[in-house]
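In: A structural model of the following input is requested.
(4 chains)
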Protein chains: 2
Amino acid sequence: MVVGCQHMELLKAKGLKSTQARRDILALFNERHTLLRAEDIFAKVKKKGTDLATVYRTLETFEEQGIIRKVDVRSGSDVYELAGHHHHHIVCTKCNIVEGFNDCNAEDISSMLLKNSKNFNVIQDHSFEFFGVCKSCAKR
Amino acid sequence: MVVGCQHMELLKAKGLKSTQARRDILALFNERHTLLRAEDIFAKVKKKGTDLATVYRTLETFEEQGIIRKVDVRSGSDVYELAGHHHHHIVCTKCNIVEGFNDCNAEDISSMLLKNSKNFNVIQDHSFEFFGVCKSCAKR
DNA sequence: ATTACAAGTGCAAATTATTTGCATTTAAAA
DNA sequence: TTTTAAATGCAAATAATTTGCACTTGTAAT
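Out: Presented below is the predicted three-dimensional model:
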(Lines give C-alpha, C1' and ligand atoms only; values in the text may rest on other atoms or scores of the structure.)
Protein backbone atom coordinates (compact mmCIF):
# COMPACT_ATOMS: atom_id res chain seq x y z
CA MET A 1 0.00 0.00 0.00
CA VAL A 2 1.54 3.25 -1.13
CA VAL A 3 0.48 6.19 0.95
CA GLY A 4 3.34 8.63 0.45
CA CYS A 5 1.47 10.53 -2.23
CA GLN A 6 -1.61 10.89 -0.08
CA HIS A 7 0.55 12.46 2.58
CA MET A 8 2.01 14.93 0.13
CA GLU A 9 -1.47 15.79 -1.09
CA LEU A 10 -2.71 16.45 2.40
CA LEU A 11 0.27 18.64 3.23
CA LYS A 12 -0.12 20.61 0.03
CA ALA A 13 -3.85 21.01 0.66
CA LYS A 14 -3.04 22.53 4.03
CA GLY A 15 -0.44 24.84 2.55
CA LEU A 16 2.42 23.08 4.29
CA LYS A 17 5.74 22.27 2.68
CA SER A 18 6.23 18.57 2.14
CA THR A 19 9.31 17.74 4.18
CA GLN A 20 10.85 14.48 5.31
CA ALA A 21 9.87 15.03 8.92
CA ARG A 22 6.29 15.90 8.12
CA ARG A 23 5.83 12.97 5.78
CA ASP A 24 7.34 10.57 8.30
CA ILE A 25 5.24 11.84 11.16
CA LEU A 26 2.07 11.76 9.12
CA ALA A 27 2.91 8.21 8.03
CA LEU A 28 3.40 7.18 11.65
CA PHE A 29 -0.04 8.47 12.63
CA ASN A 30 -1.54 6.59 9.69
CA GLU A 31 0.21 3.28 10.29
CA ARG A 32 -0.21 3.01 13.99
CA HIS A 33 -3.71 4.10 14.91
CA THR A 34 -2.67 4.68 18.51
CA LEU A 35 -1.97 7.61 20.74
CA LEU A 36 1.46 9.11 20.21
CA ARG A 37 3.65 11.37 22.33
CA ALA A 38 6.43 13.59 20.99
CA GLU A 39 8.98 11.16 22.41
CA ASP A 40 7.36 8.16 20.71
CA ILE A 41 7.58 9.95 17.41
CA PHE A 42 11.10 11.17 18.00
CA ALA A 43 12.20 7.59 18.70
CA LYS A 44 11.08 6.69 15.18
CA VAL A 45 12.35 9.69 13.23
CA LYS A 46 15.64 10.56 14.88
CA LYS A 47 17.51 7.98 12.82
CA LYS A 48 16.70 10.13 9.79
CA GLY A 49 18.16 13.16 11.50
CA THR A 50 14.91 14.79 12.59
CA ASP A 51 15.24 16.82 15.74
CA LEU A 52 12.94 16.67 18.77
CA ALA A 53 12.20 20.39 18.39
CA THR A 54 10.99 19.71 14.88
CA VAL A 55 8.72 16.99 16.19
CA TYR A 56 7.16 19.45 18.63
CA ARG A 57 6.83 22.10 15.95
CA THR A 58 5.26 19.61 13.57
CA LEU A 59 2.76 18.46 16.17
CA GLU A 60 1.78 22.06 16.80
CA THR A 61 1.36 22.75 13.10
CA PHE A 62 -0.62 19.57 12.48
CA GLU A 63 -2.89 20.39 15.38
CA GLU A 64 -3.48 23.92 14.09
CA GLN A 65 -4.39 22.45 10.72
CA GLY A 66 -6.77 19.97 12.27
CA ILE A 67 -4.77 16.97 11.08
CA ILE A 68 -4.26 15.65 14.59
CA ARG A 69 -5.78 16.41 17.96
CA LYS A 70 -4.61 16.35 21.53
CA VAL A 71 -6.20 13.75 23.79
CA ASP A 72 -6.67 14.18 27.56
CA VAL A 73 -5.59 10.90 29.06
CA ARG A 74 -3.98 12.08 32.29
CA SER A 75 -0.53 11.23 31.07
CA GLY A 76 2.46 13.34 31.99
CA SER A 77 3.06 14.48 28.46
CA ASP A 78 0.82 15.58 25.62
CA VAL A 79 -0.66 12.77 23.55
CA TYR A 80 -2.07 13.03 20.03
CA GLU A 81 -4.12 11.02 17.57
CA LEU A 82 -5.30 11.51 14.01
CA ALA A 83 -8.26 13.86 13.89
CA GLY A 84 -11.13 13.83 11.45
CA HIS A 85 -13.05 11.03 13.04
CA HIS A 86 -15.01 11.31 16.26
CA HIS A 87 -13.21 9.25 18.84
CA HIS A 88 -12.89 8.59 22.55
CA HIS A 89 -10.97 6.16 24.75
CA ILE A 90 -10.81 3.87 27.73
CA VAL A 91 -7.41 3.98 29.35
CA CYS A 92 -6.04 1.43 31.80
CA THR A 93 -4.83 3.25 34.89
CA LYS A 94 -2.23 0.53 35.54
CA CYS A 95 -0.57 -0.11 32.19
CA ASN A 96 -1.98 2.73 30.03
CA ILE A 97 -3.27 0.46 27.30
CA VAL A 98 -5.91 2.36 25.32
CA GLU A 99 -9.04 1.17 23.58
CA GLY A 100 -11.07 3.46 21.34
CA PHE A 101 -14.77 3.95 20.91
CA ASN A 102 -16.89 6.53 19.16
CA ASP A 103 -20.44 6.08 20.26
CA CYS A 104 -21.27 8.82 22.74
CA ASN A 105 -24.37 10.91 23.31
CA ALA A 106 -22.52 14.17 23.36
CA GLU A 107 -25.03 15.95 21.13
CA ASP A 108 -27.88 15.36 23.57
CA ILE A 109 -25.79 16.51 26.46
CA SER A 110 -24.32 19.52 24.75
CA SER A 111 -27.70 20.80 23.59
CA MET A 112 -28.98 20.40 27.12
CA LEU A 113 -25.92 22.17 28.43
CA LEU A 114 -26.40 25.12 26.13
CA LYS A 115 -30.02 25.39 27.19
CA ASN A 116 -29.06 25.66 30.83
CA SER A 117 -25.79 27.54 30.61
CA LYS A 118 -25.61 31.18 31.53
CA ASN A 119 -22.09 31.66 30.16
CA PHE A 120 -21.95 29.64 26.98
CA ASN A 121 -23.83 29.49 23.71
CA VAL A 122 -21.22 27.81 21.54
CA ILE A 123 -19.72 24.38 22.06
CA GLN A 124 -16.92 23.46 19.69
CA ASP A 125 -15.64 20.23 20.99
CA HIS A 126 -15.60 17.77 23.83
CA SER A 127 -13.44 15.16 25.44
CA PHE A 128 -14.97 12.02 26.90
CA GLU A 129 -12.47 9.60 28.34
CA PHE A 130 -12.96 6.59 30.57
CA PHE A 131 -10.44 5.18 32.99
CA GLY A 132 -10.45 1.65 34.26
CA VAL A 133 -8.39 -1.48 34.74
CA CYS A 134 -7.81 -3.75 31.78
CA LYS A 135 -8.36 -7.49 31.98
CA SER A 136 -4.68 -8.42 32.14
CA CYS A 137 -3.98 -5.92 34.90
CA ALA A 138 -7.09 -7.07 36.76
CA LYS A 139 -5.58 -10.57 37.02
CA ARG A 140 -2.95 -9.46 39.53
CA MET B 1 -18.84 30.21 59.26
CA VAL B 2 -16.19 28.21 61.06
CA VAL B 3 -14.85 25.34 59.04
CA GLY B 4 -11.40 24.84 60.50
CA CYS B 5 -12.54 21.96 62.68
CA GLN B 6 -14.13 20.16 59.77
CA HIS B 7 -10.82 20.31 57.99
CA MET B 8 -9.01 18.81 60.94
CA GLU B 9 -11.59 16.05 61.17
CA LEU B 10 -11.20 15.16 57.52
CA LEU B 11 -7.42 15.08 57.78
CA LYS B 12 -7.54 12.92 60.87
CA ALA B 13 -10.06 10.58 59.22
CA LYS B 14 -7.61 10.12 56.36
CA GLY B 15 -4.71 9.49 58.72
CA LEU B 16 -2.97 12.70 57.74
CA LYS B 17 -1.27 15.04 60.17
CA SER B 18 -3.09 18.33 60.54
CA THR B 19 -0.58 20.91 59.43
CA GLN B 20 -0.85 24.56 58.54
CA ALA B 21 -0.31 23.94 54.84
CA ARG B 22 -2.86 21.16 54.63
CA ARG B 23 -5.50 23.10 56.51
CA ASP B 24 -4.94 26.17 54.36
CA ILE B 25 -5.08 24.25 51.11
CA LEU B 26 -8.17 22.35 52.15
CA ALA B 27 -9.80 25.63 53.15
CA LEU B 28 -8.98 27.12 49.75
CA PHE B 29 -10.66 24.26 47.93
CA ASN B 30 -13.70 24.66 50.17
CA GLU B 31 -14.01 28.44 49.83
CA ARG B 32 -13.46 28.76 46.16
CA HIS B 33 -15.33 26.04 44.37
CA THR B 34 -13.20 26.51 41.28
CA LEU B 35 -10.39 24.73 39.55
CA LEU B 36 -7.02 25.33 41.16
CA ARG B 37 -3.45 24.90 39.95
CA ALA B 38 -0.41 24.46 42.19
CA GLU B 39 0.62 28.03 41.39
CA ASP B 40 -2.79 29.44 42.33
CA ILE B 41 -2.55 27.74 45.68
CA PHE B 42 1.05 28.74 46.22
CA ALA B 43 0.11 32.37 45.60
CA LYS B 44 -2.25 32.13 48.57
CA VAL B 45 -0.13 30.17 51.03
CA LYS B 46 3.39 31.43 50.47
CA LYS B 47 2.85 34.37 52.79
CA LYS B 48 2.55 31.85 55.61
CA GLY B 49 5.87 30.30 54.61
CA THR B 50 4.52 27.29 52.74
CA ASP B 51 6.79 26.10 49.99
CA LEU B 52 5.77 25.28 46.42
CA ALA B 53 7.16 21.76 46.84
CA THR B 54 4.83 21.29 49.80
CA VAL B 55 1.91 22.42 47.69
CA TYR B 56 2.76 19.78 45.10
CA ARG B 57 3.20 17.11 47.78
CA THR B 58 -0.08 18.07 49.41
CA LEU B 59 -1.95 17.92 46.11
CA GLU B 60 -0.53 14.45 45.52
CA THR B 61 -1.51 13.29 48.98
CA PHE B 62 -5.00 14.75 48.76
CA GLU B 63 -5.51 13.11 45.39
CA GLU B 64 -4.38 9.74 46.74
CA GLN B 65 -6.84 10.11 49.58
CA GLY B 66 -9.65 11.00 47.22
CA ILE B 67 -10.08 14.47 48.69
CA ILE B 68 -9.42 16.20 45.38
CA ARG B 69 -9.24 15.06 41.79
CA LYS B 70 -7.35 16.12 38.72
CA VAL B 71 -9.42 17.62 35.91
CA ASP B 72 -8.49 17.33 32.22
CA VAL B 73 -9.04 20.77 30.81
CA ARG B 74 -6.20 21.01 28.30
CA SER B 75 -4.34 23.53 30.38
CA GLY B 76 -0.57 23.57 30.51
CA SER B 77 -0.45 22.61 34.17
CA ASP B 78 -2.38 20.18 36.32
CA VAL B 79 -5.68 21.46 37.64
CA TYR B 80 -7.63 20.13 40.62
CA GLU B 81 -11.06 20.40 42.21
CA LEU B 82 -12.70 18.99 45.31
CA ALA B 83 -13.73 15.40 44.75
CA GLY B 84 -16.67 13.61 46.26
CA HIS B 85 -19.27 15.02 43.94
CA HIS B 86 -19.72 14.00 40.35
CA HIS B 87 -18.74 16.94 38.23
CA HIS B 88 -17.83 18.02 34.72
CA HIS B 89 -17.08 21.30 32.96
CA ILE B 90 -17.39 23.55 29.97
CA VAL B 91 -14.22 25.52 29.38
CA CYS B 92 -13.90 28.61 27.21
CA THR B 93 -11.05 28.06 24.77
CA LYS B 94 -10.39 31.82 24.64
CA CYS B 95 -10.41 32.98 28.28
CA ASN B 96 -10.51 29.65 30.18
CA ILE B 97 -13.56 30.56 32.22
CA VAL B 98 -15.10 27.33 33.53
CA GLU B 99 -18.70 26.38 34.18
CA GLY B 100 -19.62 23.15 35.93
CA PHE B 101 -22.36 20.63 35.35
CA ASN B 102 -23.05 17.16 36.63
CA ASP B 103 -25.76 15.64 34.52
CA CYS B 104 -24.14 13.17 32.15
CA ASN B 105 -25.23 9.76 30.90
CA ALA B 106 -21.94 8.12 31.69
CA GLU B 107 -23.56 5.05 33.27
CA ASP B 108 -25.38 4.15 30.07
CA ILE B 109 -22.29 4.63 28.01
CA SER B 110 -19.95 2.82 30.34
CA SER B 111 -22.19 -0.24 30.60
CA MET B 112 -22.40 -0.31 26.84
CA LEU B 113 -18.65 0.05 26.62
CA LEU B 114 -18.01 -2.84 28.96
CA LYS B 115 -20.40 -5.00 26.95
CA ASN B 116 -18.43 -4.37 23.77
CA SER B 117 -14.93 -4.09 25.09
CA LYS B 118 -12.46 -6.89 24.59
CA ASN B 119 -9.85 -5.44 26.93
CA PHE B 120 -11.79 -3.98 29.82
CA ASN B 121 -14.26 -5.18 32.39
CA VAL B 122 -13.81 -2.52 35.05
CA ILE B 123 -14.40 1.19 34.67
CA GLN B 124 -13.42 3.31 37.63
CA ASP B 125 -13.88 6.80 36.46
CA HIS B 126 -14.41 9.08 33.53
CA SER B 127 -13.74 12.58 32.36
CA PHE B 128 -16.28 14.43 30.27
CA GLU B 129 -15.29 17.96 29.39
CA PHE B 130 -16.72 20.36 26.87
CA PHE B 131 -14.88 23.15 25.15
CA GLY B 132 -16.51 26.19 23.62
CA VAL B 133 -16.53 29.95 23.48
CA CYS B 134 -18.19 31.87 26.27
CA LYS B 135 -20.68 34.65 25.60
CA SER B 136 -18.29 37.49 26.42
CA CYS B 137 -15.55 36.10 24.19
CA ALA B 138 -18.09 35.45 21.44
CA LYS B 139 -18.83 39.21 21.32
CA ARG B 140 -15.44 39.98 19.75
C1' DA C 1 3.54 17.62 80.36
C1' DT C 2 7.38 15.21 78.26
C1' DT C 3 9.31 12.16 75.11
C1' DA C 4 10.04 9.66 70.80
C1' DC C 5 9.66 9.09 66.22
C1' DA C 6 7.44 8.87 61.95
C1' DA C 7 5.45 12.13 59.05
C1' DG C 8 5.82 16.60 57.07
C1' DT C 9 8.46 20.54 55.47
C1' DG C 10 11.80 24.07 53.40
C1' DC C 11 15.38 24.70 50.46
C1' DA C 12 18.10 23.79 46.64
C1' DA C 13 19.14 20.99 43.02
C1' DA C 14 17.55 17.61 39.53
C1' DT C 15 14.23 16.01 36.05
C1' DT C 16 10.98 16.15 32.50
C1' DA C 17 8.36 18.34 28.98
C1' DT C 18 8.25 21.88 25.96
C1' DT C 19 9.62 26.26 23.69
C1' DT C 20 12.58 29.57 21.51
C1' DG C 21 16.58 32.22 19.11
C1' DC C 22 19.37 32.02 15.49
C1' DA C 23 22.18 30.56 11.64
C1' DT C 24 21.62 27.36 7.96
C1' DT C 25 19.04 24.58 4.71
C1' DT C 26 15.38 23.55 1.51
C1' DA C 27 10.74 23.14 -0.98
C1' DA C 28 8.43 25.21 -4.36
C1' DA C 29 6.88 29.41 -6.88
C1' DA C 30 8.47 32.43 -10.43
C1' DT D 1 17.96 28.27 -12.31
C1' DT D 2 17.05 31.78 -9.04
C1' DT D 3 14.68 33.51 -5.09
C1' DT D 4 12.77 33.49 -0.75
C1' DA D 5 9.69 32.42 2.87
C1' DA D 6 9.16 28.41 5.40
C1' DA D 7 11.29 24.68 7.87
C1' DT D 8 15.03 22.69 10.41
C1' DG D 9 19.05 21.52 13.63
C1' DC D 10 21.35 22.77 17.46
C1' DA D 11 21.85 24.70 21.81
C1' DA D 12 20.12 27.26 25.31
C1' DA D 13 15.98 28.86 27.87
C1' DT D 14 11.70 28.20 30.25
C1' DA D 15 7.95 25.90 32.72
C1' DA D 16 6.12 22.36 35.52
C1' DT D 17 7.02 19.03 38.65
C1' DT D 18 9.89 15.95 41.54
C1' DT D 19 13.44 14.61 44.72
C1' DG D 20 17.34 14.35 48.38
C1' DC D 21 18.32 15.67 52.66
C1' DA D 22 18.64 17.86 57.02
C1' DC D 23 15.61 20.02 60.10
C1' DT D 24 10.96 20.62 62.28
C1' DT D 25 6.56 19.24 64.16
C1' DG D 26 2.13 16.72 65.13
C1' DT D 27 0.62 13.06 67.74
C1' DA D 28 0.60 8.66 70.24
C1' DA D 29 2.52 6.63 74.16
C1' DT D 30 4.58 7.38 78.37
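
In: tell me where chain A has helices.
Out: When secondary structure is read from DSSP state H, chain A shows helices at A:4-13, A:20-31, A:38-45, A:52-64, A:106-116, A:135-138.

In: for those, give me TSV that also has distance to DNA strand C.
Out: For glycine as for every other residue, the C-beta is placed from the backbone atoms N, C-alpha and C. Output for the helices of chain A, formatted as TSV (distance: least, C-beta to the nearest atom of the strand, whole Å):
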stretch	distance to DNA strand C
helix A:4-13	6
helix A:20-31	6
helix A:38-45	4
helix A:52-64	3
helix A:106-116	25
helix A:135-138	21
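
In: mind showing which ranges of chain A have poor pLDDT?
Out: A:1-5 (pLDDT under 70).

In: and the residue nearest the centre of it?
Out: Nearest to the geometric centre of chain A sits residue A:81, at 1.8 Å (C-alpha atoms, centre = their mean).

In: is it true that that residue touches residue A:73?
Out: No - using C-beta atoms under 8 Å, residue A:81 is not in contact with residue A:73; the gap is 9.9 Å.

In: who touches both of the two?
Out: Residues touching both residue A:81 and residue A:73 (C-beta atoms under 8 Å, 6 or more residues apart in numbering or on different chains): residue A:35.

In: still on that earlier bit, any chance of the helices of chain A in TSV, plus distance to DNA strand D and mean neighbour count?
Out: Listed next are the helices of chain A as TSV, based on distance: least, C-beta to the nearest atom of the strand, whole Å; neighbours: other C-beta atoms under 10 Å in any protein chain shown:
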stretch	distance to DNA strand D	mean neighbour count
helix A:4-13	8	13
helix A:20-31	4	18
helix A:38-45	8	16
helix A:52-64	3	16
helix A:106-116	27	14
helix A:135-138	21	14
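
In: how far away is the nearest residue to residue A:96 once chain neighbours are set aside from DNA strand D?
Out: Once flanking residues are discounted, residue A:96 sits nearest to residue A:75: 7.0 Å by C-beta to C-beta, 6 or more residues apart in numbering or on different chains. According to C-beta to the nearest atom of the strand, to the nearest Å, residue A:75 and DNA strand D sit 12 Å apart.

In: show me what contacts the residue nearest to the centre of chain A?
Out: A:29, A:33-36, A:68-69, A:71, A:87 are the contacts of residue A:81 under C-beta under 8 Å, 6+ apart.

In: just the buried members of the residues you listed?
Out: Among the contacts of residue A:81, those buried by neighbour count (16 or more other C-beta atoms under 10 Å in any protein chain shown) are A:29, A:35-36, A:68-69, A:71, A:87.

In: and the furthest pair within those residues?
Out: The widest separation within these, taken as C-beta to C-beta, falls between A:36 and A:87 and amounts to 13.8 Å.

In: tell me which of the contacts of residue A:81 is nearest to residue B:19?
Out: Closest approach to residue B:19 among the contacts of residue A:81 (C-beta to C-beta): residue A:71, at 36.9 Å.

In: sweet, I'm off.
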